[in-house]
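Engineer: This is the structure alone, sequence omitted:
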């Protein structure tokens with residue numbers, strides 16, 4: 001594999017290529033480099049199956065996006081798209097999504113892509129849900145095998161009074177990609193379960209999103225998709241389901257086939273898990289721990305079931321370290337909070353495990369060569385410009 005660097009284009013980082021200066025009044029830059037491969041590269045985004053990639057591509061085609069151009073722009077291994085059983089690197093999937101988002105010039109790209117969901121989008125999980133008896137059983141049976149679809153994120157199911165909360169945590173890192181992927185995942189699941197239960201009018205009790213509230217026109221689109229109250233600036237991205245919703249019977253339950261599918265999924269998961277990348281597992285664990293407490297090395301080792309010394313040795317073997325991965329997760333999380341939420345600096349610093357706001361400012365300046373405040377202003381100005389361009393084109 002090649003080493004990937006950062007390409008800045010239209011004043012934004014859009015691909016894992018080389019960083020080059022922008023030429024004033026130039027609409028595009030083409031850079032071709034021959035880079036010697038290194039012995040080992042780290043993969044912090046895991047892998048993804050092909051079907052969810054095809055869902056985004058179907059949506060892109062409907063928008064008139066030239067798919068071949070998009071694939072070429074981000075150096076995507078397009079030959080793998082012909083094999084539904086293949087898996088791609090998470091960094092390749094994220095780069096493609098970023099390119100499609102830019103080419104769509106549509107702040108609702110992720111939300112709109114949900115209408116292209118189908119059972120095959122969830123690989124074997126789709127067929128497990130199809131043979132379940134109720135919405136609740138479909139969730140409980142499918143979620144343990146979520147990794148088979150990809151490492152894009154993880155789902156938590158929390159039982160509450162009179163229902164259940166399904167929370168999805170995105171593992172991808174680009175601030176521009178995360179809200180689109182969250183919209184896709186939540187809206188796809190709502191759309192798919194309507195089909196499963198043959199209840200096109202069915203809606204969740206509520207939907208929670210961490211992103212800021214969109215403008216009135218975009219909010220109408222969200223309400224058309226979810227058909228329920230939507231709360232923005234929330235701590236999690238979640239769907240709240242009532243007991244009545246969870247108890248809805250599905251089209252064609254088949255307990256015997258369901259058992260066979262679960263065994264097949266378990267075999268696939270075992271084969272996949274045996275090849276896990278320690279860098280990805282550590283990065284994911286840091287993100288999970290950071291949501292509730294400071295991600296100290298000792299706590300990280302405990303979660304992963306190894307000693308701190310063993311963890312350090314495994315990371316060294318992978319040419320990485322705890323501090324390197326912690327800094328990367330902190331930077332990516334900080335960029336997301338600054339770009340897509342209105343959280344105050346003190347709260348962001350606390351979320352990321354910093355002792356005070358000053359430490360957060362100092363670290364962010366080292367990571368990004370700019371202050372948190374300047375970064376937030378720049379991102380908000382860029383998002384406003386993109387939204388205006390989209391509104392004018394429609």
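Structural biologist: Structure received. None of these values were measured; they are calculated from a predicted model. Numbering: from 1, shown residues only.
Engineer: What segments of the chain are strands?
Structural biologist: Counting by DSSP state E, the chain has strands at residues 7-9, 12-15, 47-49, 87-89, 153-160, 163-170, 206-208, 230-231, 238-242.
Engineer: just for this structure, where's the confidence low?
Structural biologist: Within the chain, the stretches with pLDDT under 70 are 1-43, 273-276, 382-394.
Engineer: can you list the domains in it?
Structural biologist: The chain resolves into domains spanning 1-41, 50-267, 277-393 when parsed by automatic domain parsing.
Engineer: Could you dump those domains into CSV with mean neighbour count added?
Structural biologist: For glycine as for every other residue, the C-beta is placed from the backbone atoms N, C-alpha and C. Written out in CSV, the entries for the domains of the chain read as follows (neighbours: other CB atoms under 10 Å):
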stretch, mean neighbour count
domain 1-41, 12
domain 50-267, 18
domain 277-393, 16
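Engineer: Quick one, which of the strands of the chain gets closest to residue 277.
Structural biologist: For these, proximity to residue 277 was assessed by CB to CB; strand 47-49 is nearest, at 8.8 Å.
Engineer: what distance separates that closest one from the middle of the whole chain?
Structural biologist: Between the centre of strand 47-49 and the centre of its chain there are 12 Å (CA atoms, centre = their mean, to the nearest Å).
Engineer: Likewise for stretch 292-301?
Structural biologist: Average the C-alpha atoms of stretch 292-301, do the same for its chain, and the two points are 22 Å apart (CA atoms, centre = their mean).
Engineer: So what touches it?
Structural biologist: Stretch 292-301 is touched from outside by 282, 285-286, 289, 307-308, 310-312, 322, 326, 329, 353, with contacts defined as CB atoms under 8 Å, 6 or more residues apart in numbering.
Engineer: for those, which one is nearest residue 129?
Structural biologist: Of all the contacts of stretch 292-301, the one sitting nearest residue 129 is residue 285; the distance, using CB to CB, is 27.7 Å.
Engineer: Just give the nearest non-adjacent residue to the closest one, would you?
Structural biologist: Leaving aside its chain neighbours, residue 285 sits nearest to residue 303 (5.2 Å; criterion: CB to CB, 6 or more residues apart in numbering).
Engineer: For the nearest residue to residue 81 once chain neighbours are set aside, list the residues it contacts.
Structural biologist: Among residues not flanking residue 81 along the chain, residue 50 sits closest, at 6.2 Å (CB to CB, 6+ apart). Going by CB under 8 Å, 6+ apart, residue 50 touches 80-81, 83-88.
Engineer: ok, 10 Å please
Structural biologist: Going by CB atoms under 10 Å, 6 or more residues apart in numbering, residue 50 touches 57, 80-88, 93, 120, 123, 150.
Engineer: Next, format these as a markdown table and append distance to residue 159.
Structural biologist: Rendered in a markdown table, the data for the contacts of residue 50 read as follows (distance: CB to CB, whole Å):
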| residue | distance to residue 159 |
| --- | --- |
| 57 | 36 |
| 80 | 39 |
| 81 | 39 |
| 82 | 42 |
| 83 | 39 |
| 84 | 34 |
| 85 | 35 |
| 86 | 36 |
| 87 | 32 |
| 88 | 35 |
| 93 | 32 |
| 120 | 30 |
| 123 | 27 |
| 150 | 26 |
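Engineer: can you tell me which of those residues are in helices?
Structural biologist: Filtering the contacts of residue 50 for membership in helices, criterion DSSP state H, returns 57, 93, 123.
Engineer: between the strands of the chain, which one is nearest to residue 257?
Structural biologist: Ranking the strands of the chain by proximity to residue 257 (CB to CB) places strand 47-49 first, at 21.1 Å.
Engineer: Spatially central residue for the protein, please.
Structural biologist: The residue lying closest to the centre of the chain (CA atoms, centre = their mean) is residue 170, at 3.8 Å.
Engineer: Do I have it right that it meets residue 209?
Structural biologist: No. Judged on CB atoms under 10 Å, residue 170 makes no contact with residue 209 at a distance of 11.7 Å.
Engineer: Identify the contacts common to these two.
Structural biologist: With CB under 10 Å, 6+ apart as the test, residue 170 and residue 209 both reach 179, 182, 237.
Engineer: Can you add distance to residue 245 and give those back as a markdown table?
Structural biologist: Conversion of the shared contacts of residue 170 and residue 209 to a markdown table gives the following (distance: CB to CB, whole Å):
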| residue | distance to residue 245 |
| --- | --- |
| 179 | 25 |
| 182 | 20 |
| 237 | 18 |
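Engineer: nearest to residue 370, of the residues you listed?
Structural biologist: Top of the list for closeness to residue 370, among these and by CB to CB, is residue 179 at 21.2 Å.
Engineer: Once you drop chain neighbours, what's closest to that closest one?
Structural biologist: Closest residue in space to residue 179, ignoring its immediate chain neighbours: residue 211 at 4.8 Å, by CB to CB, 6+ apart.
Engineer: Many thanks, I have nothing further to ask.
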